[in-house]
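Undergrad: Pasting the sequence and the predicted coordinates here, then a few questions.
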Amino acid sequence: MVTLLAATSVIAVVLRPMKHLSSFVIFILIGCSSEKSLPEPAPERAVQPMPEIELQHSTGDYIPNPHPNGETPFEEFWDVRSSILTAVNEHGKTGPESNADGVDFWLVEDQLNDERYHRMEVYSSAAFSVDMIKSLATALRDHVGWGISIGGYDNGNLVLFADRLVLIGNLFEGCGSLGDVATSLRNGVETFRQRKDGSLEGQIKLIKHRLSDAMPDARAEGFAYLATFDHYQLHAYNAVWILQTENNDDVYMETDHGAIHPRAVDADGTIHEPFCRDFWPYTDLAPDFWLVVYLNGQQNLTEFRYVDEEQTEVAVVETSAAIGTSELAAILAGLP
């Protein structure tokens, strides 16, 4: 860590892998002073201006960006990510580092290949802004050649470099300024979120209504069946919701597409977001219950084996027919 003793320009980094930031060495020249002659004051260091960002529209969906050395060292990848993370955190909560139940952004931590990209998804439309684009571009100035792929919405993608922003897809047609880009992205995030989570909100509302009746059975049997829906977010499979006392690594229901997004549940009915950092596996604390969604592509199947980690059958789960969107709306309309 370097402490700067003079005003300097701090640059945050974005996207894919890169090397350590150049080390700064500050030499302090101490002149001899006397009553007759005093040293001239050192001139102030100029602050670097905000980079100009050129907008480029692209008809392709992929921009190659290989590392000049062929292979990208992991240390370089992680150094770039650290700089990007610092910049992103100025504008919102970023996963997977943030311990909050909900995050505004997600910065992928896995090095997927040797190209000089980092990948980020935008989850909160309100958190994304022109200032954020500029912060990320400024950060990339310390990592020549690196870029950030910014997704999390339909019909488009952004690829940001230190000096240019590449616009891909119909979402950004007609954008002529950074303000236009930020507005289009925010609209895209909201449209995608509604498509992805709109029906999920209704499903969870029904599940919450059924939780209190299911808890005694779950305590007695280790699990309780809650409901089956005909999809889960963007997955076109039946979604079987089970309340269980052990996590789905230790005991689970066998389906062809497995479990997704287990949620911790408190005894008072509070349902936590998936991947809540307050509970296992992030801590040793186990919740009162786990709410687990099992995806099943065999829509006509209504009986499933409930097994332990040795795949020994513990019970057979009998489920009901899947609830569709219109039926769910009718059920919710009749709830108190």
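TA: That came through fine. Being a predicted model, the structure only gives us computed values, none of them experimental.

Undergrad: Where does pLDDT dip in the protein?
TA: Along the chain, the parts satisfying pLDDT under 70 run over 1-51.

Undergrad: which residue ranges form the strands in it?
TA: Counting by DSSP state E, the chain has strands at residues 54-58, 94-95, 105-107, 117-122, 147-151, 157-160, 164-168, 223-229, 238-244, 251-253, 259-265, 289-296, 303-308, 313-318.

Undergrad: mind giving me the domain ranges of this structure?
TA: Domain assignment for the chain, taken from automatic domain parsing, gives 54-176, 198-333.

Undergrad: Figure out which of those domains is closest to Leu185.
TA: domain 54-176 (5.8 Å; CB to CB). For every residue, glycine as well, the C-beta is placed using N, CA and C.

Undergrad: one step back: can you say which of the domains of the chain is packed in most?
TA: With neighbours defined as mean count of other CB atoms under 10 Å, the domains of the chain peak in mean count at domain 54-176, which reaches a mean of 18.

Undergrad: do you know which of the strands of the chain lies nearest Glu76?
TA: strand 117-122 (11.4 Å).

Undergrad: Tabulate the strands of the chain (TSV), appending distance to Phe192.
TA: Shown next, in TSV, are these (distance: least, CB to CB, whole Å):
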stretch	distance to Phe192
strand 54-58	20
strand 94-95	17
strand 105-107	14
strand 117-122	9
strand 147-151	10
strand 157-160	12
strand 164-168	15
strand 223-229	20
strand 238-244	19
strand 251-253	29
strand 259-265	17
strand 289-296	20
strand 303-308	31
strand 313-318	33
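
Undergrad: how much space between the residue nearest to Ala227 when sequence neighbours are not counted and Leu171?
TA: Counting by CB to CB, 6 or more residues apart in numbering, Ala227 lies nearest to Trp241, which is 5.2 Å off, once chain neighbours are set aside. Distance, Trp241 to Leu171, by CB to CB, to the nearest Å: 33 Å.

Undergrad: ditto for Glu313
TA: Counting by CB to CB, the separation of Glu313 from Leu171 is 49 Å.

Undergrad: repeat for Thr94
TA: The gap separating Thr94 from Leu171 is 23 Å, by CB to CB.

Undergrad: swap in Arg193?
TA: 14 Å.

Undergrad: just Arg164 next, same as before
TA: Arg164 is 18 Å from Leu171, by CB to CB.

Undergrad: Name all residues that make contact with the residue nearest to Ala227.
TA: 203, 207, 225-229, 291-294 (CB atoms under 8 Å, 6 or more residues apart in numbering).

Undergrad: likewise Ile323?
TA: In this structure, Ile323 makes contact with 206, 227-230, 331, judged by CB under 8 Å, 6+ apart.

Undergrad: And those, which is closest to Met120?
TA: Once CB to CB is applied, the member of those that ends up nearest Met120 is Phe229, at 30.4 Å.

Undergrad: wait, that closest one sits on Ala236?
TA: No: look at Phe229 against Ala236 with CB atoms under 8 Å: they stay out of range, at 11.4 Å.

Undergrad: So what sits opposite the residue lying closest to Phe223 once chain neighbours are set aside in the bridge?
TA: Nearest residue to Phe223, sequence neighbours excluded (CB to CB, 6+ apart): Gln244, at 4.2 Å. Beta-bridge partners for Gln244, by DSSP bridges, are Phe223, Trp290.

Undergrad: got a list of what Gln244 touches?
TA: Remark: with contacts taken as CB under 8 Å, 6+ apart, Gln244 is in contact with 218, 222-224, 251, 289-290, 292.

Undergrad: one more time with 10 Å
TA: With contact taken as CB atoms under 10 Å, 6 or more residues apart in numbering, Gln244 is in contact with 218, 221-224, 250-253, 262, 265, 289-292, 306.

Undergrad: How about Arg119?
TA: 15-16, 106-110, 112, 148-152.

Undergrad: Which one of these is nearest to Glu52?
TA: Using CB to CB, the contacts of Arg119 come closest to Glu52 at Ile148, 17.4 Å.

Undergrad: Thank you kindly, that will do.
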